[in-house]
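Asks: Return atomic coordinates for the entry below.
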Amino acid sequence: MRDFRIIQHINLSLDSINDPICLLGMPGIADVGKFAIDQIIGLLKAKPYLEIIFNDYPAGAIVDDCLLSAPKAEVMFWKDPNNKRDFFLVTADSQALNPKGIYKISDFIASLMYKFKIKLIISLGAFPTNNPSKSPSIFFSTTNKDFIDQFIKDGKCKRIKKGVIVGANGLIPTLVKARFNIDGIVFLAETDNIAVINDEITDLKASISLINLLKENFNLPIERKYTLEKIEEITKNLQIKKEKLERDLDNFHLMDKNSEEKRKSLYI
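Replies: Next comes the predicted model:
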């Protein structure tokens, strides 16, 4: 525990939690999983439960509207008003900086999910391809072979036959199964392969395809519908904000314009 500082916002009793599922989306390729979780948190108005400050997150402060905060992982909680199924939602500002750190934070979050008797953990991320389709395909892998037929029927998903899912998005569901025998599923939405080498790409279409899949298959109580025009509007607004931040940084000469590494270090 000496590697972590935990800030608890609300108290939760095991007796008050009903049939819980955990939805997980850490930063990664095109931030597909993280954006999906951030949107679900906002749509459900989920409440902050825990903040996890870890000493292997990037050594820098996040500035938002003049306020400073440390890089952290967050566990949010949504209580179903109908007392059918509650949701824990987990995301973070960054992946840990090295494999050992990723393993530590993944193991810690896996232990938290066991403590609250999670029935299933669902992780969200991106699947890079050379020619992504207009409507992103969703690929999946699971710790329980019984889920395979359920999600490949009717062409809902394509199974991942071989490969490695890098980072906490793949490791947490695996550790939850290995340590506590809790099943896990990883859903990866198709995105452009160029996102692997360009960390400025955000693929909102891929994120929203994951939200729609969860809504249809896990009784996620979300009413909002995303049209292509709405997605393009959100993308444009994000790009405007990013360009404004970069102009402000240039105006105040906060970094050497010739140093790309310094420029990147201001972003998490």
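
Asks: residues near residue 74, how many?
Replies: Residue 74: 20 surrounding residues under other Cβ atoms under 10 Å. Every C-beta, even on glycine, is put in place using the N, C-alpha and C of the backbone.

Asks: So what would you say the end-to-end distance of stretch 68-88 is?
Replies: In stretch 68-88, first residue to last residue: 26 Å (Cα to Cα, to the nearest Å).

Asks: For it, buried residues please.
Replies: Within stretch 68-88, the residues that count as buried by 16 or more other Cβ atoms under 10 Å are 70-80, 85-88.

Asks: same question, stretch 35-46
Replies: 35, 36, 37, 38, 39, 40, 41, 43, 44, 46.

Asks: Helix, strand or coil: sort out the fifth one for me.
Replies: The reference is to residue 39. With DSSP: H, G, I helix; E, B strand; the rest coil as the basis, residue 39 sits in helix.

Asks: Could you do the second one as well?
Replies: Following three-state DSSP, residue 36 is assigned to helix.

Asks: That one contacts residue 25, correct?
Replies: Yes: taking contacts as Cβ atoms under 8 Å, residue 36 lies within contact range of residue 25: 5.3 Å.

Asks: shared neighbours of these two, anything?
Replies: Both residue 36 and residue 25 are contacted by residue 124, under the criterion Cβ atoms under 8 Å, 6 or more residues apart in numbering.

Asks: coming back round to it: among the buried residues of stretch 35-46, pick out the one closest to residue 147, please.
Replies: Distance to residue 147 across the buried residues of stretch 35-46 (Cβ to Cβ) is lowest for residue 36, with 19.1 Å.

Asks: The closest one and residue 11: what is the separation?
Replies: Applying Cβ to Cβ, to the nearest Å, the value for residue 36 to residue 11 is 28 Å.

Asks: same thing with residue 57?
Replies: For residue 57 relative to residue 11 (Cβ to Cβ), the value is 26 Å.

Asks: can I get the buried residues of stretch 35-46 in CSV with distance to residue 53 and pLDDT?
Replies: Shown next, in CSV, are those (distance: Cβ to Cβ, whole Å; pLDDT from 0 to 100):
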residue, distance to residue 53, pLDDT
35, 22, 90
36, 24, 92
37, 19, 93
38, 19, 91
39, 24, 89
40, 23, 92
41, 19, 93
43, 26, 88
44, 24, 91
46, 20, 94
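
Asks: Residue 176: which of the residues you listed is nearest?
Replies: For those, the residue nearest residue 176 by Cβ to Cβ is residue 37; the value is 16.7 Å.

Asks: these two touch, right, that closest one and residue 23?
Replies: Yes: with contact defined as Cβ under 8 Å, residue 37 and residue 23 form a contacting pair (6.1 Å).

Asks: Now for these two: what residues contact both?
Replies: Both residue 37 and residue 23 are in contact with 89, 90, 124, where contact means Cβ under 8 Å, 6+ apart.

Asks: For those residues, pick the one with the most neighbours.
Replies: residue 124 leads the shared contacts of residue 37 and residue 23 on contacts (other Cβ under 10 Å) with 30 neighbours.

Asks: What count of nearby residues applies to the nearest residue in space to residue 167 that is not next to it in sequence?
Replies: The spatial neighbour of residue 167 that comes closest, neighbours along the chain excluded (Cβ to Cβ, 6 or more residues apart in numbering), is residue 95 at 5.2 Å. Neighbours of residue 95 under the rule other Cβ under 10 Å: 22.

Asks: The residue lying closest to residue 144 once chain neighbours are set aside: how many residues sit nearby?
Replies: Distances taken as Cβ to Cβ, 6+ apart place residue 183 nearest to residue 144, at 4.4 Å, with adjacent residues excluded. For residue 183, the neighbour count with other Cβ under 10 Å is 17.

Asks: Contacts only, for residue 183.
Replies: 119, 120, 121, 142, 143, 144, 147, 177.

Asks: Just those: which are in strands?
Replies: Taking DSSP state E as the definition of strands, the contacts of residue 183 contribute 120, 121, 142.

Asks: can you redo these as JSON lines with pLDDT, distance to residue 196 and neighbour count?
Replies: Below are the ones in strands among the contacts of residue 183 laid out as JSON lines (pLDDT from 0 to 100; distance: Cβ to Cβ, whole Å; neighbours: other Cβ atoms under 10 Å):
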{"residue": "120", "pLDDT": "95", "distance to residue 196": "29", "neighbour count": "21"}
{"residue": "121", "pLDDT": "96", "distance to residue 196": "25", "neighbour count": "28"}
{"residue": "142", "pLDDT": "93", "distance to residue 196": "24", "neighbour count": "22"}
